[in-house]
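Everything below, folded, please.
(one chain, ligands or ions: 2)
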Amino acid sequence: MTTVSVTRYLSTGGVRVYRLPLHVFPWMIGYAYLVLDGAYSALIDVGSGRGTSDADLAAGLASVRDDWGEAIDWAHLSRIVVSHGHIDHYGGLGYVRRHSAAPIAIHVLDRAIIAAYDERHALSVRGMREYLRFAGVVPEQRAHLEQFHGGGRGGYPSIAPEHVLHDGDLLDERFRVIHTPGHCAGHVCLQLDDLLFTADQILPVTAMFLAPERIAPSSGLMHYLASLERLRHVSGVTMALGGHDDPMPDLASAIEHMERDQHRRLERVRHACAVPRTIAEITGAVHPRIRDFNLLLGLQKIGAYVEYLDTRGELRITNPDQLYDDPEAPPRYVLG
Ligand SMILES: [Zn+2]
Ligand SMILES: [Zn+2]
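Ligands and ions are numbered 1, 2, ... in the order given. Have a look, this model is predicted:
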């Protein structure tokens with residue numbers, strides 16, 4: 001059941017945009033956007049495919065009327081765009097594909113995530129197993145945490161997108177594609193007239209996920225901050241529309257908020273690195289109470305911050321001999 005309603009926006013060019021709320025996870029609302037421009041219609045993101053997400057998407061679409069007062073027909077959708085390869089944004093593709101043959105577009109770096117789900121998921125499970133060891137998570141806890149990551153096995157179909165996006169593309173002569181890696185390698189923002197679809201790049205309320213480049217190339221904090229900086233130079237935006245959280249009429253201050261927040265979190269990691277610690281120990285020091293799935297997310301995010309500080313020469317590793325001699329030993333980082 002949808003408890004939040006569809007919201008309408010109008011671009012300066014007269015394009016109608018409908019924000020469709022979806023329960024992408026039981027604890028999280030996400031948004032898909034329906035874009036109507038005369039006979040053209042596009043869906044940006046499709047929800048998670050879990051719980052009521054598909055039904056919410058169908059209900060949202062059913063509530064919208066086209067320029068002629070007719071209900072939106074799935075079969076006549078012109079385009080599906082996936083903002084990035086995270087499950088709460090592409091997981092509904094299987095459902096949408098059953099109703100619509102509209103060509104799917106996703107950034108080239110996230111193409112394989114939807115086109116070859118099983119092989120990418122298997123690799124990411126393998127990568128996580130290795131990362132948890134590198135982070136210094138004890139074996140019993142590793143097995144426990146791996147369950148949360150391995151749960152998506154066989155859960156989604158592989159769907160080959162018809163188009164891959166690159167930075168600077170003008171998709172369907174409407175959407176300016178701005179590649180914003182960091183939160184996810186192939187994350188894009190889309191500019192349409194004075195509207196900017198920011199997906200998960202700017203989330204003032206929802207905790208923004210980051211993973212280190214070690215497990216997800218083109219992810220991580222350095223890319224994320226560079227992408228924020230890019231958005232600072234996008235002009236003519238009067239409303240930023242995210243994949244979660246409220247619309248943002250003041251893009252510049254939303255960017256500043258995100259930047260400040262990242263630097264505040266970095267400072268906490270620096271503080272935790274006053275004594276030699278593994279990534280798992282730093283995570284425990286910064287977030288002493290998180291468990292289970294949230295701990296798995298926290299270990300990745302703290303890993304991204306440690307990687308950022310280490311890459312910039314702010315950290316030393318205190319146990320090189322142990323790293324030589326013991327393949328299981330995690331690096332210990334300290335400021336200096
Ligand atoms: Zn995301
Ligand atoms: Zn998201």
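
C-alpha from now on. contacts and neighbour counts both.
Will do.

Report all helices and strands that the lowest-mean-pLDDT helix or strand in the chain contacts.
Least confident helix or strand, the chain: helix 139-150 with a mean of 90, by mean pLDDT, DSSP states H and E. Using 3 or more Cα pairs under 8 Å, 6 or more residues apart in numbering; DSSP states H and E, the elements in contact with helix 139-150 are helix 117-135, helix 292-311.

Show me which residues of the last one are buried.
Buried residues in helix 292-311, counted by 16 or more other Cα atoms under 10 Å: 295-310.

what ranges do the helices span in the stretch 51-200 of the chain?
Taking DSSP state H, counting those that start in this stretch as the test, the helices found in the stretch 51-200 of the chain are 53-62, 87-90, 93-99, 111-115, 117-135, 139-150.

Which stretch among these approaches Gly243 most closely?
helix 87-90 (8.0 Å; Cα to Cα).

Which of the helices and strands packed on helix 139-150 sits closest to Gly152?
helix 117-135 (7.6 Å).

quick one, phi/psi of the residue nearest to Asp37 when sequence neighbours are not counted?
Nearest residue to Asp37 in three dimensions, chain neighbours excluded: Val15, at 5.1 Å (Cα to Cα, 6 or more residues apart in numbering). When read as degrees, to the nearest 10, the backbone of Val15 gives phi -80, psi 130.

Tell me if I'm right that Val15 and Ala39 touch.
No: between Val15 and Ala39 there is no contact under Cα atoms under 8 Å: 11.1 Å.

pLDDT below threshold where in the stretch 101-250 of the chain?
Along the stretch 101-250 of the chain, no part satisfies pLDDT under 70.

Strands of that one, start to end?
Remark: strands assigned in the stretch 101-250 of the chain by DSSP state E, counting those that start in this stretch are 104-107, 163-165, 170-171, 175-179, 188-192, 195-199, 239-242.

and Arg270, what is it in contact with?
Shown in contact with Arg270 (Cα atoms under 8 Å, 6 or more residues apart in numbering): Leu335.

secondary structure class for it?
State at Arg270, reduced to three classes by DSSP: H, G, I helix; E, B strand; the rest coil: helix.

any idea how far it lies from Glu314?
9 Å (Cα to Cα, to the nearest Å).

what touches both of the two?
Applying Cα under 8 Å, 6+ apart, one finds that Arg270 and Glu314 are jointly contacted by Leu335.

what bridges to the nearest residue to Tyr224 once chain neighbours are set aside?
With Cα to Cα, 6+ apart as the criterion, Tyr224 has its nearest non-adjacent residue at 3.8 Å, and that residue is Gly182. Gly182 forms beta bridges with Ser219, as assigned by DSSP bridges.

I'd assumed His223 was in contact with Gly182.
Yes: if you go by Cα under 8 Å, Gly182 and His223 touch, sitting 4.5 Å apart.

Is it possible to get JSON lines of the helices and strands packed on helix 139-150 that adds distance to Gly242?
Formatted as JSON lines, the helices and strands packed on helix 139-150 follow (distance: least, Cα to Cα, whole Å):
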{"stretch": "helix 117-135", "distance to Gly242": "25"}
{"stretch": "helix 292-311", "distance to Gly242": "20"}
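
Out of these, the one nearest Ile215 is which?
That would be helix 117-135 among those, by Cα to Cα, at 6.0 Å.

Which positions within the closest one qualify as buried?
117-118, 121, 124-125, 128-129, 131-135.

ok, then the element right after the helix or strand hosting Met258?
Mapping Met258 onto the secondary structure by DSSP states H and E places it in helix 251-272. Using DSSP H and E, the helix or strand that follows helix 251-272 in sequence is helix 279-286.

what angle sits between that next one and helix 251-272?
110 degrees (axes from the mean of the first three to the mean of the last three Cα atoms, to 10 degrees).

Output helix 279-286 in CSV, but only the C-alpha positions, please.
Presented in CSV, the C-alpha positions along helix 279-286 are these (Å, rounded to 0.1, in the frame of the first residue of the first chain):
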residue,chain,number,x,y,z
ILE,A,279,38.9,-1.3,9.2
ALA,A,280,36.7,-3.5,11.4
GLU,A,281,38.0,-1.9,14.5
ILE,A,282,37.7,1.6,13.1
THR,A,283,34.1,0.7,12.1
GLY,A,284,33.5,-0.5,15.7
ALA,A,285,34.9,2.7,17.1
VAL,A,286,32.9,5.0,14.9
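
Run the angle between that helix and helix 117-135 for me.
Going by the same axes, to 10 degrees, helix 279-286 makes 80 degrees with helix 117-135.

Packing partners of helix 279-286?
helix 251-272, helix 292-311.

what's the closest of those to Ser78?
Closest among the helices and strands packed on helix 279-286, using Cα to Cα: helix 251-272, at 28.6 Å.

how near is Arg312 to Tyr305?
11 Å.

Run a quick neighbour tally on the residue nearest to Asp37.
Number of residues near Val15 (other Cα atoms under 10 Å) recorded here: 18.

Outline the domain layout of the protein.
Per automatic domain parsing, the structural domains of the chain span 7-115+158-264, 124-150+273-335.
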